[in-house]
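**Q** show me how the following folds:
(chains A, B, C and D)
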2 protein chains.
Amino acid sequence: MYKQLLRHLSKDIELSLEEEQEFLSILEHHTFLKKSLLIQPGQKVTKEYFVLKGCLIAYYLDKAGQKHIIQFAIEDWWISDFEAFFNAHPAQLHVECIEDSEVLSLDKSILEDLYFRIPKFERFFRLKITRAFVALRNRILSSLQKDSKTRYLEFCEQYPNLQGRVANYQIADYLGITPESLSRLRKKI
Amino acid sequence: MYKQLLRHLSKDIELSLEEEQEFLSILEHHTFLKKSLLIQPGQKVTKEYFVLKGCLIAYYLDKAGQKHIIQFAIEDWWISDFEAFFNAHPAQLHVECIEDSEVLSLDKSILEDLYFRIPKFERFFRLKITRAFVALRNRILSSLQKDSKTRYLEFCEQYPNLQGRVANYQIADYLGITPESLSRLRKKI
DNA sequence: CGTCTATTTGAATGTACTCAAAAGCGGTGG
DNA sequence: CCACCGCTTTTGAGTACATTCAAATAGACG
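**A** Next comes the predicted model:
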């Protein structure tokens, strides 16, 4: 079960057996049912989550009761309310399971200790956040530049594994359009 | 002149005098006239830039010849084509001075050496990219959630220092609307 | 003063939105 | 196995808003 995470780490850094053990020792394993909330607005966020199995979303619920999905996460993805996590602000987002899920959690202060002891881990998380940054930058570029049909096609291409696991109205929301509009543009394809 | 950058670093990490010297020794100083291009599409991107003075933009030029501004940078900001920089891809963006500017440049491979020698710097750049990530996440959330008037007002609030230094049609582009639309909504305020 | 660029205004167009309703789909219980 | 219920998707009609294109005005700079 932890092999999955070690394989994930090994793409960026090489760890000795002791370092692997040290890392695994600070993780906690959780299972959640569909609709469970890992994070709710207002809470302190001390953990980020690595998805072993299942599917989760991070979303903002506005005053009008409208959900705005910021992130999907399936196997091998990390999820949290990262703003709250990094800046020690109260959460603004919900993080919710949309399938029964299994995750590993990583505590912020324990992780920061680890950074000091073994800088290699700081390297790993720097690379991880850098890639996430680039992905967001491309998402913005895409929304500035392209029409919704193109963005939908790109989404399908980019996240083929999400097909069938997330509802179209959630994809619509992620893309910043209404479910009706998405339905209409899908018909034209 | 380097004090500005050291002050910037000291917000996140504490450096000894030797470490400060070591860091300064790997920087290069450049001055550029308005309209100079620091990066053009297709080039290798080996440097990121810290702005000492002036104002720069990073933008994507699409097939229709339309500019799409991804980032502004003034004093104490970093700018580059970060995707190209981090992933060693050819540049997709232009980075251009919109005022006469003075910058310090930091070479990628030299910086990575430094990370190994002094992990503290890896920490600094991890924190820097993390904040940039959070800012982008908020930009996306804002574009999913809010109408263009609200987004314009937020922009003015968030970057008061850009007032008067960047043209309205550039702000319009950054917000993803046309200059005409921006002009109309400004009239209503 | 004249030129070039940026901003504003106007009118027509189009795209995506809202609201409402129907159709499709899946799961549950009789 | 079928009927029903809730939820998702589709369809339709009317509306609002941003866009395009064109032209006029305003500002900056040599």
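
**Q** now do the helices in chain A.
**A** A:3-10, A:17-25, A:82-87, A:108-117, A:119-145, A:148-158, A:168-175, A:179-187 (DSSP state H).

**Q** who does the fourth one touch, helix- and strand-wise?
**A** In this structure, helix A:108-117 makes packing contacts with helix A:17-25, helix A:119-145, judged by 3 or more C-beta pairs under 8 Å, 6 or more residues apart in numbering or on different chains; DSSP states H and E. For the C-beta atoms, the positions are set from N, CA and C on the backbone; glycine is no exception.

**Q** flag every buried residue along that helix.
**A** By 16 or more other C-beta atoms under 10 Å in any protein chain shown, the buried positions in helix A:108-117 come out as A:108, A:111, A:114, A:115.

**Q** of the residues you listed, which is the nearest to residue A:15?
**A** residue A:114 (11.8 Å; C-beta to C-beta).

**Q** ok, now how distant is the closest one from DNA strand C?
**A** 42 Å (C-beta to the nearest atom of the strand, to the nearest Å).

**Q** so what's residue A:150 up against?
**A** With contact taken as C-beta atoms under 8 Å, 6 or more residues apart in numbering or on different chains, residue A:150 is in contact with residue A:142.

**Q** and the pLDDT at it?
**A** pLDDT recorded at residue A:150 is 92.

**Q** circling back to that earlier point, among the helices and strands packed on helix A:108-117, which is the most enclosed?
**A** With neighbours defined as mean count of other C-beta atoms under 10 Å in any protein chain shown, the helices and strands packed on helix A:108-117 peak in mean count at helix A:119-145, which reaches a mean of 19.

**Q** who are the packing partners of that one?
**A** helix A:108-117, helix A:148-158, strand B:56-61, strand B:67-73, helix B:82-87, helix B:119-145.

**Q** is DNA strand C contacted by the fourth one?
**A** No - under the criterion of C-beta under 7 Å from any atom of the strand, strand B:67-73 makes no contact with DNA strand C; the nearest approach is 10.6 Å.

**Q** list the contacts of that strand.
**A** With C-beta under 8 Å, 6+ apart, strand B:67-73 has contacts from A:137, A:140-141, A:144-145, B:49, B:51, B:55-62, B:79, B:93, B:159, B:162, B:166, B:170, B:173-174.

**Q** from those residues, list the buried ones, please.
**A** Using 16+ other C-beta under 10 Å, the buried ones in the contacts of strand B:67-73 are A:137, A:140-141, A:144-145, B:49, B:51, B:55-60, B:79, B:93, B:162, B:166, B:170, B:173-174.

**Q** can you give me the pLDDT of the closest residue to DNA strand C within chain A?
**A** Proximity of chain A to DNA strand C (C-beta to the nearest atom of the strand) peaks at residue A:181, 3.0 Å away. pLDDT, residue A:181: 96.

**Q** redo the helices and strands packed on helix A:119-145 as JSON lines? Include distance to residue B:29.
**A** Below are those laid out as JSON lines (distance: least, C-beta to C-beta, whole Å):
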{"stretch": "helix A:108-117", "distance to residue B:29": "32"}
{"stretch": "helix A:148-158", "distance to residue B:29": "40"}
{"stretch": "strand B:56-61", "distance to residue B:29": "15"}
{"stretch": "strand B:67-73", "distance to residue B:29": "16"}
{"stretch": "helix B:82-87", "distance to residue B:29": "19"}
{"stretch": "helix B:119-145", "distance to residue B:29": "19"}
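
**Q** circling back to that earlier point, let's have the helices of chain A in TSV, adding distance to residue B:11.
**A** Output for those, formatted as TSV (distance: least, C-beta to C-beta, whole Å):
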stretch	distance to residue B:11
helix A:3-10	30
helix A:17-25	29
helix A:82-87	14
helix A:108-117	17
helix A:119-145	18
helix A:148-158	35
helix A:168-175	34
helix A:179-187	43
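
**Q** in CSV: those helices, plus distance to DNA strand D.
**A** Converted to CSV, the helices of chain A look like this (distance: least, C-beta to the nearest atom of the strand, whole Å):
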stretch, distance to DNA strand D
helix A:3-10, 29
helix A:17-25, 36
helix A:82-87, 26
helix A:108-117, 33
helix A:119-145, 10
helix A:148-158, 11
helix A:168-175, 3
helix A:179-187, 3
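
**Q** before we move on, back to that, closest one to residue A:126 among the helices and strands packed on helix A:119-145?
**A** Per C-beta to C-beta, nearest to residue A:126 of these: helix B:119-145, 3.9 Å.

**Q** low-confidence regions, chain A specifically.
**A** For chain A, applying pLDDT under 70 flags no range at all.

**Q** mind running it again at 80?
**A** A:1 (pLDDT under 80).

**Q** what does it put close to DNA strand C?
**A** A:147, A:148, A:149, A:176, A:177, A:178, A:180, A:181, A:185.

**Q** now, of the residues you listed, which are buried?
**A** For those, buried by 16+ other C-beta under 10 Å: A:148, A:149, A:176, A:177, A:185.

**Q** residues contacting the nearest residue to the fourth one once chain neighbours are set aside?
**A** Using C-beta to C-beta, 6 or more residues apart in numbering or on different chains and skipping the chain neighbours, the partner closest in space to residue A:177 is residue A:148 (5.1 Å). With contacts taken as C-beta under 8 Å, 6+ apart, residue A:148 has the following neighbours: A:175, A:176, A:177, A:181, A:182, A:185.

**Q** which two of these have the greatest separation?
**A** A:176 and A:185, at 13.0 Å, using C-beta to C-beta across the contacts of residue A:148.

**Q** for residue B:132, state which of the contacts of residue A:148 is nearest.
**A** Using C-beta to C-beta, the contacts of residue A:148 come closest to residue B:132 at residue A:176, 21.3 Å.

**Q** noted, bye for now.
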